Every structure is written in structure tokens, then in C-alpha cells.
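Asker: have a look; sequence and predicted model below, questions after that.
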Amino acid sequence: MRTNLNATLILVGVLSATCIQTTQGEPTLPLNLSKLPVGFDGMTADDIEFEKSLPPYQANATKLVDLLIHGDEPGVFKLMHPVLSEKWSPAMLKNLLHQNLIPYFKDFQKSGREHYVTRAVMPGQKRGYTFYESFMDKSGNLKPYVIYMIEDHGTPRCASILLNKTYRDMHQTFHP
């Protein structure tokens, strides 16, 4: 992924969550979160340490989208969190992948204009990030999606993907 130094970054603490918004179409990473002051909007030193873990989550979320664009089933399954296989059989996951996910991303042309990242905490205190993103397809349609990336034995993996959903859809507000 190319780093866009001209992007405008807005860091907003929301209920001990950090949001990153870029307005030039490409996420700006790696982001040096170590420069946030201790206590930034009520964040503890522990929260700030956790925020430093964003780059591998972003990298795997980006990798997952790339694998979906290229229809790489084995690669996608490697990035899926075990929680998915606890809920669905391998046949159901494969069907979901080929009937919904790959077709949704196949006409990817370029990243959408805005990207939001917030912290996620799943049941069992599993931590990770939620990526609210979008892309333009080859027909010029904006296609939003949400990816939940949760740590699994030291590796960020996808615990959920929601298609045709925006931050506003999920939270009834335009941005964090």
C-alpha cells in the first residue's frame, strides 16, 4: 500500500476508541501512534500501547480485501478467525465466500474516499479493530464494507465482514 502523505488525518478519541480518517482516498499508514500524549481523551497508557498494534491489523485487513478481489479462497481462509468456523460449517463458509464476498469485490477499481478505524472488543475480551471502508467499482458505484479484525494467537484475523454497510449505517452518525 502506498503511503499518502497529503492525506488529512483526524484522530478522535471516542469512548476510548481511536479513529483514523483519511480524505484523499488511501489510508495513511504506517501511522506513528506513539506520539499521542498519555491520557489523550481519557486513554490510559495501556490503551495507547494497544493503539500501537494497528499496523498489522490494517495490513491484514488490506491483504484480505486484495485476496477477495483476486478470488484467492485459500488465502482468505487463512485470514479468517476461528470464531467463524465455530458458527458456520466449512461448506457454508465456502458458499458465503463464492456467492457473496468474492462477487462483491470482483469489480474493485480504487479505494473509496473515506476510511474509519475504531477499536473493537469482542466477547471474551478479544481485542482488535473495526475498519469501515469503501471502494469504487468499475461502473463508478461506491461500495461500502466493514471488516472486524481480531487477534488470534498473535495474528490479526477477520472475525466478520459486512457488505453494503457504512459507519453511519452501524452507528446512526456520519463519522466517529
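Answerer: Structure's in. What do you need?

Asker: so where's this structure shaky on pLDDT?
Answerer: 1-42, 46, 50, 125, 173-176 (pLDDT under 70).

Asker: buried set for the helix ranked longest in it?
Answerer: Ranked by residue count and defined by DSSP state H, the top helix of the chain is helix 54-69. Applying a neighbour-count criterion of 16 or more other CB atoms under 10 Å, the buried positions in helix 54-69 are 54, 57-58, 60-65, 67-68. For glycine as for every other residue, the C-beta is placed from the backbone atoms N, C-alpha and C.

Asker: now, which of these sits nearest Leu142?
Answerer: Distance to Leu142 across those (CB to CB) is lowest for Val65, with 14.9 Å.

Asker: I'd say the closest one and Ile102 touch.
Answerer: No - the criterion here is CB atoms under 8 Å, and Val65 misses it with Ile102 at 11.3 Å.

Asker: after the longest helix of the chain, which helix or strand is next?
Answerer: helix 73-78 (DSSP states H and E).

Asker: quick one: list the elements packing against that following helix.
Answerer: With contacts defined as 3 or more CB pairs under 8 Å, 6 or more residues apart in numbering; DSSP states H and E, helix 73-78 has these neighbours: helix 54-69.

Asker: which one of the buried residues of helix 54-69 is nearest Met170?
Answerer: The closest of the buried residues of helix 54-69, once distances to Met170 are taken by CB to CB, is Ala61, at 16.1 Å.

Asker: for that closest one, give me its contacts.
Answerer: Residues counted as contacts of Ala61 (CB atoms under 8 Å, 6 or more residues apart in numbering) are 129, 131, 133, 147, 149, 156, 158.

Asker: for Lys106, same thing?
Answerer: Per CB under 8 Å, 6+ apart, neighbours of Lys106: 69, 71.

Asker: again, but for Arg157
Answerer: Arg157 makes contacts with 60, 79-82, 149-151, as judged by CB under 8 Å, 6+ apart.

Asker: separate out the buried members of those residues.
Answerer: By neighbour count, with 16+ other CB under 10 Å, the contacts of Arg157 hold 60, 79-81, 149-151 as buried.

Asker: just the ones in helices from the residues you listed, please.
Answerer: Asn60.

Asker: quick one: the helices in this structure?
Answerer: Using DSSP H, helices in the chain cover 45-51, 54-69, 73-78, 82-87, 90-96, 102-105, 167-171.
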